[in-house]
Structure formats: structure tokens, C-alpha cells
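1. mind looking at a prediction? Sequence and model below.
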Amino acid sequence: MRLSASRALLALALLAAFDSPESLQTAVRPDKGSTVTVSTALPPDQCAVCALGGVNDTLKSCRSSLSLVPEEEVKLLFNCSQPIEQAFTVTIAQTVECTKDICSPTTVETQPSLLSEFSRTYTWELKAPEKTLVGLNILGDGLRETSQPCPDGFQYSVTTPKTNPKGLTQYCRGGSATRLDEPNGAVVSLQVKPRALVESVLFYASAGPLKGRTVVLSVNSSTTVVIRRDPEAPECDVCSLDGSTPQCATNEKTLTNVNNLSLEFSCLKPQDVYSVEIKKKIECTQSTCTPAAGEIEPDVFKDFRRSITWDIGVPQRTVLTLDFPGGLKEMSEAETCPDGHQYSVSTIKSQGEITTSYCKGGTASPLGLLAATSVTTQVLKGSEVDSFTVKVAPRGNRMMSVMPDPDTIITIRRLSNEPDCSVCMNKEPNQICNRKYLTLKDPYNTTVEFTCPRPQDVFTVEINREIDCTETSCSGNIVQAESSLFPDFNRTFTWDLKVVPTRAFQLDFPEMGMRQIPNGEICPDEHTYSIVTYLRTGPATIATFCKGGTVTTILARYKGRVSLQVPGDRKLDPVDLKLNVGPETSMVAIVKVNLPRGVSSTDFITANYPGRFPDNQQMQWDFAVPGMHNYTMHFQNHTAPECLAEEVEVEYQKDNEKVTKLTLMDPQPKHAQGDFSMVLRNCETNTTLQGLTLNYRVSVMRSGHPGTVLKLNIRESNALEVIVAAGTKANLSFLDCPNEDVRLTASKVIGCLDMTTCSATQLTVPKLDSCLPMSLHSFTWHLKIPEDRTVDLMSPTGSLRQSLPGQDCAQSVSLHVAEGDGFSVGDFCFTGMIQKIQVHANVSVTVSDFSQTKEPFLNVSFSQEIPETIIYRISPEASSPTLLATPNWPLGMRPSSTVSWLVTVPSQYEALVQLPNVSQPRCRDRHTDITVKMLGDEEELISRREDEAPVDMLTVPRSFYLNMSNCIPERGVFAAMTKIVLQKKSNLLAILLGVAGAVLLLLILLAVACFVIRKNKKDKLAKDSSIYIGKGNIFRPNDGHFSKTRSDNESHVYASIDEAMTYGHLLGDSSYADSMPNRFNGGQVDTYNTFTGPTSSGLPEIQEPDNEPELEVFKTFLDPSESFHPPRPRTPIDRQDSLGFQDRRMLDNQLFTFKSTGDINTIRLSGVDVELQTPEEDSL
């Protein structure tokens, strides 16, 4: 009793602790087999569910979570400080037990009225024997799979953790799924919101043997399909049903050359367990491939993860082309494709198999390949496989005939690994091919074939000749005439020289001499010479030379090689080297130098520089110094070795003077005169440390008499340049300095620090002191601006012209414009087509040879910042072409810079734009770009990068904008020349409209004329009438020659006569006919006569002709054969028988009868003279 009382008091205290009046009391009775759990996530002091029992529902227990016993009624009390509907959730769990063929219960019920005030979750755990499938037939609306919350609050889910890697599948109502087939252990749940009405029965449960998915497929002999199970996926067998006994595999199954084969998986969703690998073979001949496309037949494995590989085999010397319709974009190994669709293209090359990865979409298609290739793509579930076309064609090759000169060896050597190419000798079937090199020695014609269209990009050619010398002479000179062999290949001409061991070979250069350059550099004319001598310790490069310099002779000991390197497509222009046998010497080499007169500086380096000079060897330079000149030695860069024996020495020797021995660190000779020799002697060095290297300079200047120097103020100066700063005063002394050897230059700085100091100015040359003995050679203005300003340069005469090949400046004055760091913009002169130059940088303008030009030279102003580096404003002339060039032409634009030309085209003209000379680099970052756009338009006429085909010609109808941008080059430079020609516009539209108008007007006139003619003809046909009278002449109706007299007027002429109406009242008077003279019976007269012939036979019938009469043909009279009277012979008619005359006896009545029977008295009716026809004429 005490315990019960304590519990009651505890419960009452707990109820009193709730602050909110939210409470609910209800009685519930779970069905059999249902486990009901009521719970809240809030702490017990805020929310609790209590089971009431005992007398007067004494409180039994209160908890945060309470499980109810099936088939036992219990009263529950819900108390919470929060809204009860949101605070509590109810879980109703049931189990569906199945055998191999039946489930219990068969109907899955919900007990919908149970605690419907709360959110409820119904769960049904499915239990069945192994390889038994539980089917749940859905009642009512079907389900649809989803990953989002259901809008109506009814959220279904299925959990199959043992077989489905995804774990959970969610469904909403309103779909097409009417059945769920789930394995043992699956849990089906339904979550609903508070007070939602749930159907009492949701599913019908059934059981049956587990039969997985079955697919039917065909695989041809060129395709292999591998079905592979994921090692981490649950067990699932795949069986092929091609015989009485299924062939099953657990992990992997391979299929090839099968037709309508049934595959059965022992799991419901094999696509979550297995992946498919498909390999297809495509075989190509020289011209076709079978199949001609990389595609997949109707894909039964579309919902599987797939890896598809096409192995494409091609014959030798063919080019394989793969064309992907959507294009490809090359990607790095670290990148992934956004859509997951990735291609890998592997091909066999000389260095092995090379694989490149691509994503869909890009410009890297079609792909050209030269060997067998494999294309692999990874396809996600449900994704389509895009096909690609496969084409093959014979690879372009190049064949030539080569005949080496006697004692000459030609070696063709591979330069790069790409592309795949071989060099072959002779023709089939005796052809010998090699991918790396080919050597030709025999002096007869040999057929050489390359298996690629541009072998000059792959191979280099070395042409070698050996020259042996005796003690007195050599077998030839080093002369290489222009050769037709391999003109477009990179060529190296080599001569191997050999003399007796104690002697040296001597190379005498022509009068122009040679200039030494650092090893590895290239000469400006791209003809680079190098000389190598072979020592016991190995070859040593004496020096590398270019044309034009101070070196006149080189002697090297015993054995050596002279080489000349010439690039492809460069015409061979060698110097004539004279080869002789030199004296005995212990030197590695002797270099003889003739130093020039005047002021000069010449650099020299030791053998192998910047590598180490050979140990225990010495090298000599013989310098010939002009008279009245001083020389000074400057050791610019040198490294001293660690000597193991003896020391490094530098010896200076003059004729009849004692040898001076110095070290590298000692002061070297200054302001000395006379010819001298310098010998560098090395010691035995520690080869593990740095060796001996030396780079020195010999400076020469006029001396006057020994010891005189150029002085500036008090201090002594031996510099080649003396600078007098602005605002200072200097005393200059010129000792034995001819005016032609001294150059006077001056400069001025114009600063624009802010807008207050940025005022327009003119470039003029200030007046210099008249005491200077020489004239001013050049003057430079340095224009400095802030970063947000631009320098505007304009000619005071109106315009400028850039000095270019074919557009050279004829004037003596020349303006050199450069950026602040010395990077050249170009050379300009006056009178041209450039109206303004704008430069977004500090600018220097240098004028030279200006003695005959009036100042100022340029107008300078400052404007706002421009996006480009340079902008030109151009007004082309119609009389001549306009040439435009990029800055620093032809050496190339600054990297990442932009230049624009704003070209004004007159209204009656159009511009023909050509790019005759464009040099494109290989870009490391970004791209070069050439863009043409008409002013005011957003659309570009052209836009070309360095990797796109250039546009040769473009017609622009009005003013336009030409822009060129440079990339960051890896190799080469970006330089372009543009040619603009103005031509008159051909107004084709106006011409066509004019022609069309003229034709239309002509058609209208013709139509009017035709209408008038036809109308007149119809009027004439309507008015004119005639009768045929056999004795008379041809009567022309409506003759206009009648006079207006009574006797000659037209009153007696009838337009037409209606015989039935006009004369019918006279036909009954027979006396009238009897009174007429007999001579007129049956006769044809020019007046109407009554018919007096027989009438018993009736009227004659007129026979119509079979054919239609000719249209538009008017006949005045009937042919006599068609008349009522029989034909009679044609006889001449008398005057009175003619219709052109009238008898005066005729009365003026209706019938114009005669008043008497006397003699005929005729009057003329027509003004036209009638010519009588003779019988001969009628018969014609």
C-alpha cells in the first residue's frame, strides 16, 4: 500500500509539473501481431505518455517511450508542453511470414483508427526462406520511385540492406508500380502525417521462388562481353540457358559468338551487382573499315555500368580517322568529365602505347591516328552510347631520288618521336625501312621513301665529307655549293678534317671575317658554323661562328670537324672557307683576330664554354690592333678550377717584348697599343668541382698619342659613353677623336604625373651649345604617364606612315617609337594614312637625320586609359594599297599584348583586307587572335586563332575595326602584316533594279502596242465590207483617197449591206428586173444587182474546209473557186469595169440605178493609180 501511494503521489507530482494544458486521454487495443510503440523526442519533464490502470484509472506508469502489448486494451494519457500532434510519433510494426508458396497474413492491414491523432509509421518486415521472393500487390493507386518528400504526406519506403547497395528506395503514390517483389529481410514502411486517413488494407502478400532478371542477347564473333560481379556486392549468380543444364557463374561470365542466348540472374537487381565490359573489334583495309562505326547494337545492358572498348586494327602506311559528332575535349589525368562520359584513346607509337583522355564537346575531333588504336569509354547506368565513324585512307608518303657525291655520306636521322614515320631505301620488294635513321654512301641513284607526308618535320639530314691532308696540302676545300638534296629539311653539312699528328689544320675565312657567338646560339642568317677538335680527353668545341666579324683564321690540332647548320626551306648561302696545312703547335687552337678601327668591343670565349676548358691544355688568341688605337682587356665572366698540379695562367706577349704572366684575378692590360697574343693555360684540375671557363671582351678606341683619354670634368673616364645629366655643366675634351667617330645624342623627359600636369605639348629639339664640334645625331623624348592614362601621338602635318617593306619612308627624317622599356613599336615618317597613334604605356620617340625638317615633329596629348596596348586610327588612300604591321615588326609582338586599327572607309568605297604575311607562335598560355568587326556591329566578320586556318582575303563594306592579340608563346613569335586596298563599290542592286525597270517598261509598251494594233484590226474588221465582182479590179474597202466632192465622196460606199432587210421589198417587183439591160445579167458590177438566175434548185451549199482557217489573216474577197459563179479566165478589165471608177449615169437612190442607157461616163473614185496586169503577170 505504501508503494502504491508513493507511485500515485509521484504521478500527481509529474502531472503538476507540466506547464501546458496540452493533454489527451484515449484507449487503444493493438491487433494481433502488431507491435505499437509510442515515443517522443522531448525530455520527460516536458512530454510523457502514461498508461492508466487500476481503480479509477490510477496512474500506472509515465515514460518518453511506451510499447503496447498486442490484443490488450490500455488507456493512454498524453501530456506535453508542446502541441501533442507534433510531440509524439507512433510506430506500428508487423511481420509477414512466408513459406515457399504462401504468406501469412495474406492481407497487409494498417488498423487505421489506431492513434490517428499522431504521425504514424507502419512497418512490415518480410520473412521468407532462401531463394524465395515475397510479392506485395499494391491496392489502389500505384507507386512511383522518388528521392523527394511526397506532397500528399504518404511516404513509402523499402529497405533491403542485404541485396541493395543503395539500402533505401522511396516511393510516392500515383505511379505505375503496382507490385513490389522483395527478398527475405526486406522492410516495407509507410509514414503518414497526423489525422491522415489510411486504408485498412494496403497490400496482398504472396510468395514464390526467386527468379531474377532474364535477358536475351546476341554477340557476334568480333565482340566479347564480360559480365563481372562487384567483389563487395552480395552474391548473385548469372546462368546461361543454352542447353539442358544451365551454365552458372558467381563472379564472372564471358560471352562471344552466341545467338539469342538467355541469361538469368539470381537476384532482382543485377544492375546493382554486376558491371559489363564489352570489347569490339574493327578491322580495316587500306580504304575501308568493318564495321564503319563505333557503336553498340540495341543495348540490353543499358541500366548496367558499362566499359566499352573498340580495338581498331589498321594496315601499315594508313591514316585512321575517328570522327565524334559532338566533338571531343582533351583532358588531363586529374580532370573528370562533368557528365561522366569519358573516352580514352590508346595508340601504339614508337615510344610505346600512348593514352589520351577526352570528354564530350570540344574541337579535338576528328582524330588522325597512324597505327592500331583502342577507344574505351566508361558509360554510367542508363546513359546512351554515342557512336563515332571510323575511316581509313592510305597514308601520304614522299619519295625522292638521291645520289650522294663521291666521298660523301648522307645520314637521315629521326629528330622527334612524333608522328609515326619511317625512312625506306629502294623499292618493293627489296625495300629496307627504318624508323630511326638511314645512311647512304654509294654514289649512285637511290630511291628514298618516307612513310609520312611531311618527313621534314620528323627527320634531319646530315651530309658528311672526309678530307685528308698531308704535310703540305689537303685533298679539298670546305666549299658547299647549293644543293638540291633535301632543300626543305634541317640540314647539317660536316667536313671531317685530318692532318699528320704533329701539325694543325688551318681555316682561313673570307675578308668579311667571322663573329664568335656562345655555343648553342643561332646566327641571324640561320647559317651557323661550329669547329670541333678531337683531343685524347674527348671532343672540344673551339667556337661557334656567324658571318661578319673580326676572326680571320683558326688553327686546330691534328683532327677536327667543321659543321654548318641550315634550317629547312632556307636557301644555302655558305662562306668560302680555305683549308690549308698549318704549322706544328701544342695549342688546342689558335684564333687570329683583326680588331677594327674606331671604337669597338668584341667578345671571346674559351673552348667548350660555358663548359670546362680541357685540363693541361692551352689556347691562343693573336690580336692585330690598328695603329693609333688603344686596347683594354675585360674579363667579364670566369670560373677558376681547383688545381691539382701547376696553376692557371694568362700570358701576354708582343714582338720583341718580355712575356707577361698573370692570373685570372690580376688586373688585365688597359689602354695598351700594338699587336699582341694572349695564351690561356689550364692546370690539372679536380674534375669533381667546377672547371676553368672564361668570357672576356677586347675594347678598342682611338688613342691619338699614348696615354690620351676622353675626359669629363676632373675625373678620368675610359667609358665608351659619356652622359651629361640634365641641369649639370660639363667640360668635355676630345683628344684625337674625329668628329665622324663621335656620336652626339640628347634626350628629354616629359612627365605626366596627374591630370594637372597632363597637358598637350609638341615635340621640339632644344637648342644645344654651339661649341660642340659635331652635329646632333639623334634626339629622344621620354613620355612618362600614370597607369590610367594613354599617350596620343599625331603628326602636325596631318598624318604618319609606318616604314615597311614596299612602303618605305622617302624623307630623311625618321621617327622611331618604342615603349618605355625599349620594346620597339615601329619607325614612322610624315604624310601617310595614320591619323593618330595611342599607346597605353610609357613611350620614347627618337628622331634622327632631322637637319632638313622643320619642327615640331609630333603633337602629343594625353587621354583616358584604353583596353588595348596600342590603337592606330587609319584613313586609307584609294590611290595605293595601305600596309599595316604589328608592333616590333618583323620580330614579333610583346607577349599578352593587344593592338587595334580603327580603319575609316569612304562611303563610296569598300575595303579589301588581306593578310599576306602572318607568323604564328606555339602558345604556352592563351591564344593569338585576329578579329575583324565593322564599327557599330557586335558580330565579328572573322576571328582566327593560331591553331585555325587563316583567312586570305576579306571584303569589308564600311569602316571597321581590326584587332590582334598575342598569347604567351612557347616557341616562335606573333607578327602579322595587313594589306588594305580600297575599291569602288559595285552598286549591283541599283543596276539590277534599273535593268528590271527597263524590261518592265518595254513589256508595258509592247503590251500597249499589241492592244492598239488588235483594237484597230478589230475596228477595221467590224467596219470594212466588200463583195467580189469577177469583172472588176480588187476593191480596197474604206479607201481614204476619196475627195470630198459630190462625185468623188464616200456617200455611195457601204460599210455593210444586210441584203434581207435592205433589198427584200424590191424582190417582189419583177418588172424592175425586166427593165434592166441584158448586158448586166449574171455580170459582176460595182453596185448591187438583183439575182435573175434560176431559183428552183435552191441556194448553193458552201463546203467548209477541213482545216481551220489561219488566224489573224484577213481576206477581202473569196477565191473565185469558192464563189457562186463558175470561174472564168483572167482577162484584163476595162476602166469602166474597175471598182475604182463610177458611172455618171448612176442615180442617187437606194440601189443607185441608172438614169439612162447611154454611153458610159466614168468618174474616178480612188486617188491610187491602178496598174493593169497583163495575162503573163497573172499567170506567174
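-> Arrived safely, thanks for sending.
2. what pairs with residue 553 across the strands?
-> Under DSSP bridges, the beta-bridge partners of residue 553 are residue 508, residue 592.
3. mind checking pLDDT for it?
-> Looking at residue 553, its pLDDT reads 94.
4. what's the local residue count around it?
-> 19 (other Cβ atoms under 10 Å). Any C-beta I mention is one placed from the backbone N, CA and C, and that applies to glycine too.
5. that one and residue 504 touch, don't they?
-> No - between residue 553 and residue 504 there is no contact under Cβ atoms under 8 Å: 10.8 Å.
6. overlap in contacts, these two.
-> Shared contacts of residue 553 and residue 504, defined by Cβ atoms under 8 Å, 6 or more residues apart in numbering, comprise residue 590.
7. and the nearest residue to residue 341 once chain neighbours are set aside, how far is that from residue 379?
-> Nearest non-adjacent residue to residue 341, counting by Cβ to Cβ, 6 or more residues apart in numbering: residue 360, 5.4 Å away. Counting by Cβ to Cβ, to the nearest Å, the separation of residue 360 from residue 379 is 12 Å.
8. now do the shared contacts for those two.
-> Common neighbours of residue 360 and residue 379 (criterion: Cβ under 8 Å, 6+ apart): residue 341.
9. neighbour count winner among these two?
-> For residue 360 versus residue 379, neighbours defined as other Cβ under 10 Å are more numerous around residue 379 (23 against 19).
10. the nearest residue to the more buried one once chain neighbours are set aside: neighbouring residues, count only.
-> Spatial nearest neighbour of residue 379, excluding adjacent residues (Cβ to Cβ, 6+ apart): residue 306 at 4.4 Å. Residues lying near residue 306 (other Cβ under 10 Å) number 21.
11. which elements pack onto the helix or strand harbouring residue 306?
-> Assigned by DSSP states H and E, residue 306 belongs to strand 305-313. The contact analysis (3 or more Cβ pairs under 8 Å, 6 or more residues apart in numbering; DSSP states H and E) places strand 305-313 against strand 274-284, strand 373-379.
12. quick one: strands adjacent to the helix or strand just after the longest one?
-> Scanning forward in sequence from strand 274-284 by DSSP H and E, the next helix or strand is strand 289-290. Taking DSSP bridges as the criterion, strand 289-290 forms sheet pairs with strand 274-284 (antiparallel).
13. now do the buried residues in the longest strand anywhere in the chain.
-> The longest strand of the chain (DSSP state E) is strand 214-229. Buried residues in strand 214-229, counted by 16 or more other Cβ atoms under 10 Å: 217, 219, 223, 224, 225, 227, 228, 229.
14. would a markdown table of the residues you listed with distance to residue 980 be doable?
-> Converted to a markdown table, the buried residues of strand 214-229 look like this (distance: Cβ to Cβ, whole Å):
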| residue | distance to residue 980 |
| --- | --- |
| 217 | 66 |
| 219 | 64 |
| 223 | 60 |
| 224 | 63 |
| 225 | 63 |
| 227 | 67 |
| 228 | 66 |
| 229 | 70 |
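15. related to what we said a few turns ago, helices or strands next to the longest strand of the chain in the packing?
-> strand 252-265, strand 274-284.
16. who touches the helix or strand that comes right after that strand?
-> Following strand 214-229 in sequence order, the next helix or strand is strand 238-240 (DSSP H and E). Strand 238-240 has contacts (Cβ under 8 Å, 6+ apart) with 227, 229, 246-249, 253, 255, 261-266, 270, 274.
17. can I have the buried ones of those residues as a PyMOL selection?
-> A single PyMOL command is used to select the members of the contacts of strand 238-240 judged buried by 16+ other Cβ under 10 Å:
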select buried, resi 227+229+253+255+263+264+265+266+270+274
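18. out of the contacts of strand 238-240, which is nearest to residue 857?
-> Distance to residue 857 across these (Cβ to Cβ) is lowest for residue 274, with 83.3 Å.
19. wait, that closest one sits on residue 225?
-> No - using Cβ under 8 Å, residue 274 is not in contact with residue 225, being 11.3 Å away.
20. and the spatially closest residue to residue 823 that is not a sequence neighbour, which of the three is it?
-> Computed as Cβ to Cβ, 6+ apart, the closest residue to residue 823 that is not its neighbour in sequence is residue 894, at 5.7 Å. Following DSSP: H, G, I helix; E, B strand; the rest coil, residue 894 is assigned to coil.
21. picking up where we left off before, what packs against the helix or strand following the strand holding residue 306?
-> Note on strand 305-313: by DSSP H and E, the next helix or strand toward the C-terminus is strand 318-323. Counting contacts by 3+ Cβ pairs under 8 Å, 6+ apart, strand 318-323 packs against strand 367-369, strand 373-379, strand 388-394.
22. rerun that using 10 Å as the cut-off
-> On a contact count with 3 or more Cβ pairs under 10 Å, 6 or more residues apart in numbering; DSSP states H and E, strand 318-323 meets strand 274-284, strand 293-294, strand 305-313, strand 342-349, strand 367-369, strand 373-379, strand 388-394.
23. dump those strands to CSV, plus distance to residue 537 and mean pLDDT.
-> What follows is these, written out as CSV (distance: least, Cβ to Cβ, whole Å; pLDDT from 0 to 100):
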stretch, distance to residue 537, mean pLDDT
strand 274-284, 55, 92
strand 293-294, 59, 88
strand 305-313, 53, 91
strand 342-349, 39, 84
strand 367-369, 47, 84
strand 373-379, 49, 90
strand 388-394, 52, 90
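24. would JSON lines of these with distance to residue 881 be doable?
-> JSON lines is the format used below for the helices and strands packed on strand 318-323 (distance: least, Cβ to Cβ, whole Å):
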{"stretch": "strand 274-284", "distance to residue 881": "51"}
{"stretch": "strand 293-294", "distance to residue 881": "51"}
{"stretch": "strand 305-313", "distance to residue 881": "51"}
{"stretch": "strand 342-349", "distance to residue 881": "47"}
{"stretch": "strand 367-369", "distance to residue 881": "39"}
{"stretch": "strand 373-379", "distance to residue 881": "49"}
{"stretch": "strand 388-394", "distance to residue 881": "42"}
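25. out of these, nearest to residue 654?
-> With distances scored as Cβ to Cβ, the stretch of these nearest to residue 654 is strand 342-349 (62.4 Å).
26. now the angle from the following helix or strand past that closest one to strand 342-349?
-> Following strand 342-349 in sequence order, the next helix or strand is strand 352-360 (DSSP H and E). Per axes from the mean of the first three to the mean of the last three Cα atoms, to 10 degrees, the angle that strand 352-360 makes with strand 342-349 is 160 degrees.
27. let me see the contact set for the residue nearest to residue 958 when sequence neighbours are not counted.
-> Nearest residue to residue 958, sequence neighbours excluded (Cβ to Cβ, 6+ apart): residue 905, at 5.4 Å. By Cβ atoms under 10 Å, 6 or more residues apart in numbering, residue 905 lies in contact with 874-876, 878, 911, 934-935, 956-960, 980, 982, 985.
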